[in-house]
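**Q** coordinates only, sequence not included:
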Ligand code: ATP
Ligand code: MG
């Protein structure tokens, strides 16, 4: 027998038993975002490699070593998107969505990064991202944080803490950068290889280093927050006031710089200690420079992206119940005539009963095997169509979860009976 082909390392199937949890999470996010007036945008998964080089920056982990780039059949260099922001800006510019208007957008889907796979870190992973354009104030930064805080609550997640920082304007950052390089150069013997390489290309990223040997030195480095321009300082003060007024707790982390180069002013992360080293579940901030960098008019922008795998892991860790599909009924049929009538009846009931979840047994089978499948489906009721029922134009209904007696009802009555079952279930869930 030929050897089975396996999935690519770091890329995973989401199996039927896991997908209800994903759907529930996605549904929660979707309705929450709709409630804040955000619209969905869907972008292609493939983009020109240049888009990411120009937006994310050449001297970043992503562009240096994590992108899935390849030449297509025409020899054009394409890349599987490593994140959504660049594509979102490209799509907005290309479709004139930023002209004389503001936008509040979200997207969801797979992202690709060639990293070392480990718990919470994959090569194909999923993000839900939110981006806003044309809004320059701290109010929208605060709203983005409110949305995420509300989401954790809606999902029943606890122990996710908020860290915030301000990166200032690019001018203030340039001045700070000089001081930082001076400081780091004076401690060059303590820098690891990555940091030495970045010393002049991207020194701020050194502050983000996870290398334990460098922590003490980084701790004493000059702080960006103490070198903010007046505008950024006021923006940050106002953001803090808005968070305080909403009762949202946060910690100011002066070393929070984010991995991507296009951020300015507000940056924030939501972090948990419950997932080991991969604890950042959501990261965001302001990127006022990006639209212009990609060829548009200067446009303020602010957004965030959250890692779905990490949120799913957190839900599992918290012991949150997996939603189990519970069809209303499972139809078993014995004999050719019963099958003919049964499938006809099932379609009629679907026409007549909105919201009906009815599984039809396909592939015939013995009494025992059909009931085994009915039970496994999670259905509340079995509908039974055998020779006896066919002779009397009835159908037997059997309670699979309770202990009420099996009864026979007229086939003509089945629609009404199913109506009642569906209504009762809706009542029970208080919907
Ligand atoms: P990290 O520091 O963990 O590498 P990052 O700064 O590269 O994160 P972002 O580009 O800001 O991450 O992406 C936003 C979120 O997407 C992260 O906070 C995380 O939850 C998730 N994420 C990023 N990379 C991965 C990955 N390889 N596998 C799973 N989730 C990821
Ligand atoms: Mg990363």
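**A** Right, received. Where do you want to start? Just so it is clear, the model here is predicted, and its values are computed rather than measured. Ligands and ions are numbered 1, 2, ... in the order given.
**Q** what's the pLDDT at residue 259?
**A** On the pLDDT scale, residue 259 is placed at 56.
**Q** where do the helices of the stretch 251-400 of the chain begin and end?
**A** Counting by DSSP state H, counting those that start in this stretch, the stretch 251-400 of the chain has helices at residues 290-293, 308-317, 336-352, 367-376, 387-392.
**Q** out of these, flag the one nearest ligand 1.
**A** For ligand 1, the closest of the helices of the stretch 251-400 of the chain is helix 308-317, at 4.6 Å, according to Cβ to the nearest ligand atom. Where you see a C-beta, it was placed from the backbone N, CA and C, and this is true even at glycine.
**Q** Throw the helices of the stretch 251-400 of the chain into CSV and include mean pLDDT, mean neighbour count and distance to ligand 1, thanks.
**A** Output for the helices of the stretch 251-400 of the chain, formatted as CSV (pLDDT from 0 to 100; neighbours: other Cβ atoms under 10 Å; distance: least, Cβ to the nearest ligand atom, whole Å):
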stretch, mean pLDDT, mean neighbour count, distance to ligand 1
helix 290-293, 94, 19, 14
helix 308-317, 96, 20, 5
helix 336-352, 97, 16, 39
helix 367-376, 96, 14, 32
helix 387-392, 96, 14, 53
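**Q** any idea how far the residue of the stretch 251-400 of the chain found nearest ligand 1 is from residue 247?
**A** With Cβ to the nearest ligand atom, the shortest gap between the stretch 251-400 of the chain and ligand 1 falls at residue 307, namely 2.3 Å. As judged by Cβ to Cβ, to the nearest Å, residue 307 and residue 247 stand 26 Å apart.
**Q** show me which helix or strand of the protein is least confident by mean pLDDT.
**A** Across the helices and strands of the chain, mean confidence by mean pLDDT, DSSP states H and E is lowest for helix 61: a mean of 81.
**Q** strands paired with the very next helix or strand once past that one, and their directions?
**A** Once the chain leaves helix 61, the next helix or strand it forms, by DSSP states H and E, is strand 68-71. Its sheet considered, strand 68-71 pairs with strand 77-80 (antiparallel) by DSSP bridges.
**Q** what does the strand it pairs with contact?
**A** Contacts to strand 77-80, defined as Cβ atoms under 8 Å, 6 or more residues apart in numbering, come from residues 45-52, 67-72, 112.
**Q** need the three-state assignment for residue 131.
**A** For residue 131, the assignment made with DSSP: H, G, I helix; E, B strand; the rest coil gives strand.
**Q** look at residue 307 and residue 247 and report which has more neighbours.
**A** residue 307 (23 against 7; other Cβ atoms under 10 Å).
**Q** my read: residue 188 touches residue 200, true?
**A** No: using Cβ atoms under 8 Å, residue 188 is not in contact with residue 200; the gap is 11.4 Å.
**Q** pretty sure the residue of the stretch 251-400 of the chain closest to ligand 1 contacts residue 122?
**A** No: between residue 307 and residue 122 there is no contact under Cβ under 8 Å: 9.3 Å.
**Q** which residues of the stretch 101-250 of the chain lie near ligand 1?
**A** Where the stretch 101-250 of the chain comes near ligand 1, counting by Cβ under 6 Å from any ligand atom, the residues are 113, 115, 120-122, 125, 127.
**Q** repeat the analysis, applying 8 Å as the threshold.
**A** 111, 113, 115, 120-123, 125-127, 208 (Cβ under 8 Å from any ligand atom).
**Q** neighbouring contacts of stretch 237-246?
**A** By Cβ under 8 Å, 6+ apart, stretch 237-246 touches 137-139, 141-142, 145-146, 149, 164, 250, 266.
**Q** okay, buried residues for that stretch please.
**A** 239-240, 242-243 (16 or more other Cβ atoms under 10 Å).
**Q** closest to residue 286 out of those?
**A** The closest of the buried residues of stretch 237-246 to residue 286 turns out to be residue 239 (Cβ to Cβ; 9.8 Å).
**Q** got the contact list for the residue nearest to the closest one when sequence neighbours are not counted?
**A** Nearest non-adjacent residue to residue 239, counting by Cβ to Cβ, 6 or more residues apart in numbering: residue 138, 4.0 Å away. Counting by Cβ under 8 Å, 6+ apart, residue 138 makes contact with 235-236, 238-239, 242, 266.
**Q** now residue 138: how far from residue 233?
**A** 11 Å.
**Q** likewise residue 3?
**A** On the measure of Cβ to Cβ, residue 3 and residue 233 end up 62 Å apart.
**Q** neighbour-wise, which of these two wins?
**A** Between residue 3 and residue 233, counted using other Cβ under 10 Å, the more crowded position is residue 233 (16 against 5).
**Q** phi, psi of residue 85?
**A** Dihedral angles of residue 85 (phi, psi; degrees, to the nearest 10) stand at phi -60, psi -50.
**Q** that one touches residue 133, doesn't it?
**A** No: if you go by Cβ under 8 Å, residue 85 and residue 133 don't touch, sitting 10.9 Å apart.
**Q** residue of the stretch 51-200 of the chain closest to ligand 1, please.
**A** Of all residues in the stretch 51-200 of the chain, residue 125 sits closest to ligand 1, at 3.4 Å by Cβ to the nearest ligand atom.
**Q** quick check: that residue is in a strand.
**A** Yes: counting by three-state DSSP, residue 125 is found in a strand.
**Q** what residues are up against it?
**A** Neighbours of residue 125 in contact, by Cβ under 8 Å, 6+ apart: 110-111, 113, 307-309.
**Q** from residue 10, how far off is it?
**A** The spacing between residue 125 and residue 10, counted by Cβ to Cβ, is 9 Å.
**Q** care to break the chain down by domain?
**A** 19-168+228-317, 329-430 (automatic domain parsing).
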